[in-house]
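# Mind looking at a prediction? Sequence and model below.
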Amino acid sequence: MNSQTRRLTLAGAAGAIEAVFDAPAEGAVHQGTAVIAHPHPLFGGTMDNKVVQTLARAFVQAGWGAVRFNFRGVGGSAGEHDAGNAEVGDFLDVVRQAAPEGPLAVGGFSFGVHVASHALATLLAEREVRKVVYVGTPASRFAVAPLPADVHERAFAVHGERDDTVPLASVLDWARPQTLPVTVVPGGGHFFHGQLPLLKGLVLRHLRS
C-alpha cells in the first residue's frame, strides 16, 4: 500500500497465515495496531479488497499500524474455509502475533465483521480495544455478535442505504436492541463503489474523535 508496507507470514491452526502490515503515516503519533478482516472468501474476498484497503488507509492516516490478512484457504494462507468458525481463531492468532501488545483496534468488512464480532468477546477480556469499525455488517447472513454496551462509544458501524447484499433493514434490526447507532451512506451499495473516499473520511473522523 505504501513504502511502509511489510509482508508477514504468521502461524495459524491450519498452517501459514498470509498478512501485511501497513505502518502509520510518517510523523503521526502512534495510536496502536488495527487488525482488519476481509469479506467472504467464497465470493472473492481477500485482504486486498478495496474496502479493506480503504479501512487500512484510514487507520494509517490516523496514526495506527494496520494489519490485513487472508483467511484460511485464501491467497497464501493454508487450510480450507470453515464458514466463519475456525476463522475466529485465525483472527485471534493474527492479533496475538502481529499486535501482541499495546492499544488494539478491530475492523471488518461484511463477512469480516461477523468473524471480528466473535473474536471481540475474547479480546475484550484480554486487553484494551480502543476502536471498533464495522462496514457492511452481514446481519441478514450470519449471527453477528452484538457489541457490549460499554464499547459503543468506541465503535463505528456504517452501511450503504442501497446495499443489495445485506439489506439495511437487517442491520437496523441487529442494532436496534443494542441501541447502537448506524451511519447510513445515502445511495451506497455493499462495496461503496464511487464512495470509497467518503467511506474513508467517515472512518477517519471516528478514529480521530
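That came in fine, so what should we check first?
# ok, and residue 144, which helix or strand is that part of?
Using DSSP states H and E, residue 144 sits within no helix or strand.
# Contact partners for residue 28?
If you count contacts by Cβ atoms under 8 Å, 6 or more residues apart in numbering, residue 28 has them with 61, 62, 63. Every C-beta, even on glycine, is put in place using the N, C-alpha and C of the backbone.
# most neighbours, which of those residues?
Highest neighbour count within those: residue 62, with 22 neighbours (other Cβ atoms under 10 Å).
# right, and out of the contacts of residue 28, which lies closest to residue 203?
Relative to residue 203, the closest of the contacts of residue 28 is residue 62; by Cβ to Cβ it sits at 8.4 Å.
# Next up, phi/psi of that closest one, please.
With angles defined as degrees, to the nearest 10, residue 62 sits at phi -90, psi 0.
# And for residue 12?
Dihedral angles (degrees, to the nearest 10) for residue 12: phi -120, psi 170.
# how many other residues sit next to it?
23.
# Just list whatever residues bridge to it.
Counting by DSSP bridges, residue 12 is bridged to residue 15.
# I figured it hits residue 73, correct?
No. The pair residue 12 and residue 73 fails to qualify as a contact (Cβ atoms under 8 Å) at a distance of 11.0 Å.
# which residues do the two both contact?
residue 79.
# how far away is the residue of the chain positioned farthest from its centre from residue 63?
Most distant residue from the mean C-alpha position of the chain: residue 27, 24.5 Å away (Cα atoms, centre = their mean). Per Cβ to Cβ, to the nearest Å, residue 27 is found 9 Å from residue 63.
# ditto for residue 75
28 Å.
# likewise residue 130?
On the measure of Cβ to Cβ, residue 130 and residue 63 end up 11 Å apart.
# what's the overlap in contacts for the two?
Common neighbours of residue 130 and residue 63 (Cβ under 8 Å, 6+ apart) are residue 31.
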